[in-house]
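Peer 1: Output the structure for:
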Amino acid sequence: MRSALLLAGVALVAPAPAADSDFTPLFDGKSTAGWTFLVKADKDGKKADPKDTWSVADGVLRCTGKPNGCVVTEKAYGDYVLKLKWRFPADGKGGNSGVLLHAQDEKVWPTSVEAQLFSGRAGDFWLITPPDVKLEVDPKRQDPKQARHYFRMETKESPEKKLGEWNEYEITCKGGDITLVVNGVKVNEGKNGNLTKGRIALQSEGAPVEFKDIVLKPLK
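Peer 2: Next up, the predicted model:
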């Protein structure tokens, strides 16, 4: 009995692991330092000032959604766990955006694998674009209308929170494998992709959206 009590006491005082201690911020909450911009030109070939699309306030990276484009890390990354939070306005109808992984070039939608943020479909995969981008995903979840689109796994309830509330993405990239977790629920995975390293981008795609707490942990 005494041994059991001693063991219980040890368990109570044992320090909990620091889960996020190995994560490094990619967004400092004050500026877009470490990021650059890709902006779609208008019909006359002019590009809008990205500062009219992307801004920072109160630790939040804000996007108006117009024009189409991306904010993209200056550095390339491979083999990592990426965490970030996003939300669409509570008074809106949701909208579209995405996290682009292993971005390879300077196109408005760079060659990459998109972890979807579209309201109601967060956790879907989009390949931008085959045949330059390959990823093995369960063919049963391939969109019959868009071959480069793969639906997330079926869950009893939607993993997404109500509009206006913060959602959290956890994305693990290891070699050519990618796993997507939305609010603690595993929603998708792809294997043996041909892209294993690249920059990370956040899309401006027609709707206001906000991001914060963008952190990355390298995998050894």
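
Peer 1: need the next SSE after the helix or strand bottoming out on mean pLDDT in the chain, C-terminal direction.
Peer 2: Least confident element among the helices and strands of the chain, by mean pLDDT, DSSP states H and E: helix 2-13 (a mean of 40). The helix or strand immediately downstream of helix 2-13 is strand 24-25, counting by DSSP states H and E.

Peer 1: can you pull the pLDDT of the nearest residue to G69 once chain neighbours are set aside?
Peer 2: Distances taken as Cβ to Cβ, 6 or more residues apart in numbering place V39 nearest to G69, at 4.1 Å, with adjacent residues excluded. Where C-beta positions appear, they are placed from N, C-alpha and C, glycine not excepted. Each residue has a pLDDT score; the one for V39 is 94.

Peer 1: got it, and K85?
Peer 2: 98.

Peer 1: residue contacts, it?
Peer 2: If a contact means Cβ atoms under 8 Å, 6 or more residues apart in numbering, then K85 has W166, N167, E168, Y169, F211, K212, D213 as its contacts.

Peer 1: What about those, which are in strands?
Peer 2: Using DSSP state E, the members of the contacts of K85 that fall in strands are N167, E168, Y169, F211, K212, D213.

Peer 1: give me the beta-bridge partners of the third one?
Peer 2: Residues found in beta-bridge contact with Y169 (criterion: DSSP bridges) are L84, V182.

Peer 1: That one and T179: what is the separation?
Peer 2: Using Cβ to Cβ, to the nearest Å, Y169 is found at 11 Å from T179.

Peer 1: What separation do you get for the residue nearest in space to the middle of the chain and K174?
Peer 2: Residue closest to the mean C-alpha point of the chain, counted by Cα atoms, centre = their mean, is V99 at 3.7 Å. Noted for V99: a distance of 16 Å to K174, by Cβ to Cβ.

Peer 1: what's the answer for D42, then?
Peer 2: D42 is 40 Å from K174, by Cβ to Cβ.

Peer 1: higher neighbour count, the two?
Peer 2: Higher neighbour count among D42 and K174: K174, with 13 against 10, using other Cβ atoms under 10 Å.

Peer 1: Checking my notes, the residue nearest to the centre of the chain in a helix, right?
Peer 2: No - the assignment for V99, made by DSSP: H, G, I helix; E, B strand; the rest coil, is strand rather than a helix.

Peer 1: Could you check what's spatially nearest to it, not counting adjacent residues?
Peer 2: A115 (4.3 Å).

Peer 1: Endpoints of stretch 193-202, how far apart?
Peer 2: 20 Å (Cα to Cα, to the nearest Å).
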